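A.B. asks: Fold the stuff below for me.
(chains A, B, C, D, E and F)
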Number of protein chains: 6
Amino acid sequence: MMTAGETARVLVQALPYVYRFAGKVVVVKLGGAAIDAELDRALAQDVLLLRSVGVRCVLVHGGGPQVDAMMRRVGKEPEFRGGLRVTDAETLELVRMVLVGKINRDLVGTINREAIEEPVAVGVSGEDAGMLVVAPRESALGFVGDVSHVRTSVLHRLLNEGLTPVVSTIGADEGGQPYNVNADEAARAIAVAMGAEKIVYLTAAPGLLENVEDESSLVRRITSNELRERIQHESVSRGMIPKLRACADSVDGGVRTAHIIDGRVPHALLIELLTDEGIGTMVKREADW
Amino acid sequence: MMTAGETARVLVQALPYVYRFAGKVVVVKLGGAAIDAELDRALAQDVLLLRSVGVRCVLVHGGGPQVDAMMRRVGKEPEFRGGLRVTDAETLELVRMVLVGKINRDLVGTINREAIEEPVAVGVSGEDAGMLVVAPRESALGFVGDVSHVRTSVLHRLLNEGLTPVVSTIGADEGGQPYNVNADEAARAIAVAMGAEKIVYLTAAPGLLENVEDESSLVRRITSNELRERIQHESVSRGMIPKLRACADSVDGGVRTAHIIDGRVPHALLIELLTDEGIGTMVKREADW
Amino acid sequence: MMTAGETARVLVQALPYVYRFAGKVVVVKLGGAAIDAELDRALAQDVLLLRSVGVRCVLVHGGGPQVDAMMRRVGKEPEFRGGLRVTDAETLELVRMVLVGKINRDLVGTINREAIEEPVAVGVSGEDAGMLVVAPRESALGFVGDVSHVRTSVLHRLLNEGLTPVVSTIGADEGGQPYNVNADEAARAIAVAMGAEKIVYLTAAPGLLENVEDESSLVRRITSNELRERIQHESVSRGMIPKLRACADSVDGGVRTAHIIDGRVPHALLIELLTDEGIGTMVKREADW
Amino acid sequence: MMTAGETARVLVQALPYVYRFAGKVVVVKLGGAAIDAELDRALAQDVLLLRSVGVRCVLVHGGGPQVDAMMRRVGKEPEFRGGLRVTDAETLELVRMVLVGKINRDLVGTINREAIEEPVAVGVSGEDAGMLVVAPRESALGFVGDVSHVRTSVLHRLLNEGLTPVVSTIGADEGGQPYNVNADEAARAIAVAMGAEKIVYLTAAPGLLENVEDESSLVRRITSNELRERIQHESVSRGMIPKLRACADSVDGGVRTAHIIDGRVPHALLIELLTDEGIGTMVKREADW
Amino acid sequence: MMTAGETARVLVQALPYVYRFAGKVVVVKLGGAAIDAELDRALAQDVLLLRSVGVRCVLVHGGGPQVDAMMRRVGKEPEFRGGLRVTDAETLELVRMVLVGKINRDLVGTINREAIEEPVAVGVSGEDAGMLVVAPRESALGFVGDVSHVRTSVLHRLLNEGLTPVVSTIGADEGGQPYNVNADEAARAIAVAMGAEKIVYLTAAPGLLENVEDESSLVRRITSNELRERIQHESVSRGMIPKLRACADSVDGGVRTAHIIDGRVPHALLIELLTDEGIGTMVKREADW
Amino acid sequence: MMTAGETARVLVQALPYVYRFAGKVVVVKLGGAAIDAELDRALAQDVLLLRSVGVRCVLVHGGGPQVDAMMRRVGKEPEFRGGLRVTDAETLELVRMVLVGKINRDLVGTINREAIEEPVAVGVSGEDAGMLVVAPRESALGFVGDVSHVRTSVLHRLLNEGLTPVVSTIGADEGGQPYNVNADEAARAIAVAMGAEKIVYLTAAPGLLENVEDESSLVRRITSNELRERIQHESVSRGMIPKLRACADSVDGGVRTAHIIDGRVPHALLIELLTDEGIGTMVKREADW
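C.D. replies: Presented below is the predicted three-dimensional model:
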């Protein structure tokens, strides 16, 4: 049981953050890996609670494992080169169906089921209104693209109307040809283009660890330069590198802070945003904590 | 070669329609059957031209054949009862993937490729922001629903921003469970709920025919009562009945006119809307032609 | 009888012009010479149709022959010097009465009779709200002035309210003394000051002709420089020179295009504005057709 | 030389009227009889001063004597029946030329010459934007009409823009045929339709007199009922009757007060409006002075 | 040290209240009894934090003890009748000086010192802009009045501008004579007139107690009817009666909830408003907790 | 009895001033010396009349004698050094109580009693919303401060809402400590910071006199430079110097004109503002009368 003093301390800490983040954009990147339904519900609640006090969340999702499953179901073997999916025309169509037609739908459904008044989640693909403009990465990979430009207006418009966009990261080149885009990268590009206050990566780890073996060795705050040094010296978990690099790129691109938090802790998003301490790792450009 | 007089006559006829339809909503229902790419382009151009002079088009699409193909690809045999697809949970997921993740995407892509300035098409599913609220039809059909309510705000908002919504007809019940919805019916429900000026069904016939055998026996104008009588007396093509009934229901529900036109004629939509004569069949509540 | 394809072609051509000219100002100069009542009605219809789709037409009229008739009626002989009317105080009063109190009234009446909903034409004299500020040309001519400044606000205000101004070209100097102003010149000054999209001169010829003798030798497009050269080399109809010069001055002053069209062809204005080909001569600053 | 106390008294009286009349419409009717240039200037100043503190003056003018002169100049003899001008088509054209093309112009010119910053007067005829809708009075009179409806929007729009309308009383019937309208009557119809605060008739007398022979026997305040009784009992100057009846009709039609003042006293309009005493006769519906 | 789960619980509870109270008016009544400076600072912080998330607090203060002290300082003995201060003209002047010129000033100063960006507190007396209109209570009490009407506009205006009004409860009758008004009553009248969401009375007790002797016997929720019954049966602390009655009157007058909380607990206001449990007693009209 | 011509002259003069000063800020400084109740009423009327025609008056008051009286009443002897009140903490509290809690209240009351529709006066202290930011003058004087910055927004907001602020000149330093501020100086600082059109000092003299002995030797107009010279050469009344200096500083700081007028003449404010001649002394930066 908490005392009045403890309760007051949480409230006195939280309100200035509520004030500061009201009207600001927060991009939240979720993995596509199967997530516990309870955790999904807690995340949906966090997004809805933040929205209720004016925070403008944009959700961006990936979906590698589900794409693999679908491909195998229609008798195609997934193929990767340098960690990236080789994407021929048929694969692209399957990726698009799974991301836009299944994972995005499920997320939209979860948020809308948790919404108290009206459903507010709206699925968006990067092709809609030409949101994600891409250039092909390399011919050997097929239809895999890099984001060259983000048309943010449709996202701003939905947010202005009180809606919460859930983004699938299929883009299109200027001629209208669709491409598969890495979701961590797309989230960063969106956050930078929208002038987001924050980008938050939900992972299956507490955040950046001093010692990869020790989950209690959490690095709470780090500048983008320090982070780049650690990446270069390989003193970080290998699997974490793309997210860490996206964090550094985000804050150097103008996002005020980037966060890596533990998607396995219920309401981690709320705690990270509204307490002084936070729960994961926060990346900033300058060490002006 | 047209004379100045002929050209003037088309212009003098067209401008009052342009004036009258500016700011009005026109719902256009397309089939999911494979359509010729040239025709698709001409339709996309019509929608974009109408949009440029202020007509607010909403596209609604179906997709039966493509769903069948996908089901067979993953080894499932489509099953129908009374013309409606029996839809278990797995089928529903496939329907949703094909409609939202493939057909909708292709239409959005075609329109965006034809757009001269910025891409304007945006895919929307009936689940987004709880747009299509449905009730289950009958348990034997599984997840097949009827539209009980349409939340039109997301469509109005997109149109207000100059965007063109392309709607897939997946809905959800109040608890958030998704359902498959018949596209002709969904188009009607949307048109009525939006207070549309027109609903236009693109078909593979010239319109309603006096004599089903004779394509030149086109009925140009008919009231909803006359139409219901013909349906009752079965003096119409059997396959046309659902669309004809949807036309009668639309105008009785407040849509000013319903149209059945020939999707095989390039720019049929433009001709139907902007000439005195039109090109297909127009249904109105009262015979005040 | 036109085919669906021909009709579609006119519509597909016209709509982009409707879109492009919506909200733009088009100044139309009419002569004062007696015009056929049917033609007047067709012109009034064109102006009303263009207005209905957002084109902001301003009509400017002259009236030489009618002034001559009135002068003779009260026993005064018209006198000209270098093509310009010698205008003493009494003549000025007669000019003003005929232009403002008769020709302007008749035009306002014709348009208001053709208007479908509410009358929209409003007569304006250059003296109203100090619209046309003039300086005297030369003392021998008496009260003949050149426009030195245009106060466009009253015209913009009327247009903003959906009204169609019909302008008589009486101006006043800074001290409030009225002057007679050449209507071709006044139309140009108004078009330039309003930042008009177009200025259109209605004449009794098809436009600028390669060969003055041959009405079929129409020059469809010409730059202002080429036009000035032809004027200098006197390879144009003498009577056309003031209008041609006004066209060149208009586009060099910032009006996007100037047009000379045949006022004897019904709906010539509509055809000139809304087809690729047009019907008369179009003058532009640069040859970027 | 006035004392501080006397000056203060005028100011203390005037400011509440300035406050009360700000934003209100005051219709001022002037005769067409030749007026002294100095008086014209003083009236123009009054209108401009009132405008500067927010009073929305509309001027309405007549012009009988000038029409007579013009008719005689072109060899036509004016003809009257029951005090009304017999108006055939040719006469109508002359009336219109003189009112719209001469008297209106001169008034607009005088006001614009007195304006300190920008010219603000704008001439309007009752035909413009269909402002004065009339019905013919009786066939024997030809084109003489009674106002059946006033479209006030063009007047309100000009006033909203800070402009001062000067109205010539030519109207048109629904088919667009112009008619001559009595100016006293037209002024009343305009005042009633605009919901004016006041209508003021400038005359060549101090106002309504108890004793027609005695200019000092001015009636300062009278109700519309009392006024109607006096008219019925013929205890008023015969020539004044139309104006008196128009006053009674105005206040019974909703105008708050009607005034008859002496147009021969400089600044009579200002004194009537801004002092407790006034200078002429004020008519009100109720005796709530 | 709180766990992540405990912290999340406070946040998950608080945000819906923040959302619900944003833009709502909360009237907070403080006593005039000497309060600990630390508590004053905590209260000022609460008001500023609530303001930062959109809650529109209005502070109302009393000041009995300080008035007594001032009276004695100038040699006047305070006199009471039925718990109300007998207020002659001289006493009124002293009351006004102490409330408006001292206590109000000190509160404004404390809040402005705590404000992080700009000072936001503004002192207001009930006489300003005729805010508190009063009627005399009984002649024996002198200038003691009851609020008969509240002009809320000045309070709404200040709140609209982001300012926080601090109200002294001096009112004036319609003739402008000032009166002393009981602060508990004035707070209620203001809350009712503003359509406040809440009225909160800060006291030197935990709230309403089941057993007056036992501070732990707090009644957390009660309806206005139950409260009135307890008052009637005198089962409440005598000194608490005026506040309890004001609470019942407030909610019956339309304020959604009334609260009595312990002014001696730091941040009691924040805890009462933003937790499910609260800290004091909440009064509602209906038992729809 | 005034003639029509004399009345017209006052009106014709006054209206352009009404027009020119509408929407402009006029700061009026009153002394705290006992003033005749009738004069107070006339002044309140002037302020209300000016407000009714759009002049935005801000009243600033002093109150030396009343402070002295209060101090003596509680047994403290006022002490001055160089004309300034030595202000210890206890004195400051008394000054504040008298200015904010008594004189300001009385002025607010007088204006609200004269107001015809709603009460409009609102008392403001320089501490409210941090309006008057001060720095201490010299330690020997205690809490006597000079205005270093004015936060004008609360004054502009009240004026925007049609309210009339009455300002007591207590300020606070950045840390929130209150200070006593000279009212002549505070009025100047407020006028300069608000970009006032005028500052008017009400005094017990006709204005600046050529010959101090001769009340008829009024200087009607003077530039700030000439005024500074006279101050330097001591050719002015000694007691007038602070006000004269404040006048010169005001106009050099951007206020268009400063005025010294005779508070003993009823409606002096109105006469000074709305007649060509005025009643007192007007100071301007340049001699462009």
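A.B. asks: For chain B, what's its nearest residue on the stretch 51-200 of chain A.
C.D. replies: Each residue of the stretch 51-200 of chain A has a distance to chain B, by Cβ to the nearest Cβ, and the smallest belongs to A:Gly101, at 2.4 Å. In this view, the C-beta of every residue, glycine as well, is placed from N, C-alpha and C.
A.B. asks: Identify the residues contacting that residue.
C.D. replies: By Cβ atoms under 8 Å, 6 or more residues apart in numbering or on different chains, the contact list for A:Gly101 reads B:96-102.
A.B. asks: at 10 Å what do you get?
C.D. replies: Applying Cβ atoms under 10 Å, 6 or more residues apart in numbering or on different chains to A:Gly101 gives the contacts A:70, A:123, A:125, A:168, B:93-105, B:125, B:168, B:170.
A.B. asks: any idea how far A:Ile241 is from A:Val251?
C.D. replies: Applying Cβ to Cβ, to the nearest Å, one obtains 16 Å for the distance of A:Val251 from A:Ile241.
A.B. asks: For these two, indicate the residue with more neighbours.
C.D. replies: Neighbours around A:Val251 and A:Ile241, counted as other Cβ atoms under 10 Å in any protein chain shown, are more numerous at A:Val251. The numbers are 24 against 13.
A.B. asks: The more buried one contacts A:Val192, correct?
C.D. replies: Yes - taking contact to mean Cβ atoms under 10 Å, the distance of 9.4 Å between A:Val251 and A:Val192 places them in contact.
A.B. asks: so what sits against both of those two?
C.D. replies: A shared contact of A:Val251 and A:Val192, defined by Cβ under 10 Å, 6+ apart, is any residue touching both; here these are A:Ile199.
A.B. asks: Helices along the stretch 51-200 of chain A, start to end?
C.D. replies: When secondary structure is read from DSSP state H, counting those that start in this stretch, the stretch 51-200 of chain A shows helices at A:64-73, A:89-98, A:104-114, A:153-160, A:183-194.
A.B. asks: export the ones you listed to TSV and tack on mean pLDDT and distance to E:Gly263?
C.D. replies: As requested, these are exported to TSV (pLDDT from 0 to 100; distance: least, Cβ to Cβ, whole Å):
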stretch	mean pLDDT	distance to E:Gly263
helix A:64-73	91	57
helix A:89-98	95	59
helix A:104-114	94	38
helix A:153-160	94	41
helix A:183-194	97	45
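A.B. asks: closest to B:Lys198 out of those helices?
C.D. replies: Distance to B:Lys198, taken as Cβ to Cβ, is lowest for helix A:153-160 among the helices of the stretch 51-200 of chain A, at 25.6 Å.
A.B. asks: Report the buried residues of the closest one.
C.D. replies: By 16 or more other Cβ atoms under 10 Å in any protein chain shown, the buried positions in helix A:153-160 come out as A:154-155, A:157-159.
A.B. asks: do stretch A:69-89 as well
C.D. replies: For stretch A:69-89, the buried set under the neighbour-count rule, 16+ other Cβ under 10 Å, comprises A:70-71, A:78, A:84-85, A:87.
A.B. asks: Need the distance between the two termini of that stretch.
C.D. replies: Between the opening and closing residues of stretch A:69-89 there is a gap of 18 Å (Cα to Cα, to the nearest Å).
A.B. asks: if we look at it, which residues are touching it?
C.D. replies: With contact meaning Cβ under 10 Å, 6+ apart, stretch A:69-89 is reached by A:63-65, A:67-68, A:90-95, A:97-98, A:101-102, A:137-138, A:140-145, A:177-180, A:182, A:242, B:70, B:73-75, B:97.
A.B. asks: Any chance of a PyMOL selection covering the buried ones in the residues you listed?
C.D. replies: Buried members of those can be picked out in PyMOL with the line below, counting by 16+ other Cβ under 10 Å:
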select buried, (chain A and resi 63+64+67+68+91+92+93+94+95+97+98+101+102+137+141+142+143+144+145+177+178+179+180+182) or (chain B and resi 70+97)
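A.B. asks: where in chain A is pLDDT low?
C.D. replies: Scanning chain A for pLDDT under 70 picks out the ranges A:1, A:32-35.
A.B. asks: Is the longest helix belonging to it in proximity to chain E?
C.D. replies: Counting residues, the longest helix found in chain A (DSSP state H) is helix A:4-21. Yes - residues of helix A:4-21 are located near chain E by Cβ under 10 Å from any Cβ of the partner chain, namely A:4-20.
A.B. asks: which of the residues you listed count as buried?
C.D. replies: With neighbours counted by 16+ other Cβ under 10 Å, those contain buried members at A:4, A:7-19.
A.B. asks: wait, what's in contact with the residue of the stretch 1-150 of chain A found nearest chain C?
C.D. replies: Ranked by Cβ to the nearest Cβ, the top residue of the stretch 1-150 of chain A for proximity to chain C is A:Ala129, at 19.0 Å. Contact criterion Cβ under 10 Å, 6+ apart gives A:151, A:153-155, A:157, B:108, B:112, B:115, B:118-123, B:158, B:161-164 as the residues in contact with A:Ala129.
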